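> generate a structure from the sequence data that follows.
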Amino acid sequence: METLTNLIYLLNQGEKFSHSEKENLFFNVTKLLHSQDSELKRLVFIFINHLQSIDNYFILTGPLLNEINGENIILKTTGLRTIGHIIDLSNIAVVKRHLETVSNFF
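Just a heads-up that it's a prediction; the model follows:
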């Protein structure tokens, strides 16, 4: 978690990464979504919010929607913020359908 926190700090400070570095970071960090640790997942979502110009965001649509439909209110809200950063025209219909079915959000 310390490494992920440091990466978020660097991105907040304006550190520039090359496209290949961003892609490597993206794929390695998204593997952490398989963890059961909610704090780690939250950091992954925050990291994704700060990472820009990645073409493969569609990979995160499923895991984000699972967290939005889950029980953890912190992951729900963080997932909603993150999905706003990654949504595009190719997956907007799927996201809209899932968001409409979320019941008892809060």
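> residues in contact with the spatially most central residue of the chain?
In the chain, the residue lying closest to the centroid (CA atoms, centre = their mean) is residue 45, at 3.5 Å. By CB atoms under 8 Å, 6 or more residues apart in numbering, the residues touching residue 45 are 64, 67, 75, 78-79, 81-82. In short, each C-beta sits where N, CA and C put it, glycine included.
> so what pLDDT did residue 78 get?
On the pLDDT scale, residue 78 is placed at 88.
> mind listing what it touches?
41-42, 45-46, 67.
> could you pick out the buried ones from these?
By neighbour count, with 16 or more other CB atoms under 10 Å, these hold 41-42, 45-46, 67 as buried.
> which of the residues you listed sit farthest apart?
Pairwise distances across the buried ones among the contacts of residue 78 (CB to CB) peak at 13.0 Å, for the pair 46 and 67.
> what's the closest of the buried ones among the contacts of residue 78 to residue 10?
For the buried ones among the contacts of residue 78, the closest approach to residue 10 (CB to CB) belongs to residue 46, at 13.0 Å.
> tell me how far residue 26 lies from residue 48.
Residue 26 is 8 Å from residue 48, where distance means CB to CB, to the nearest Å.
> looking at these two, which has the bigger crowd around it?
Neighbour tally, residue 26 and residue 48, criterion other CB atoms under 10 Å: the higher count belongs to residue 48, 23 against 18.
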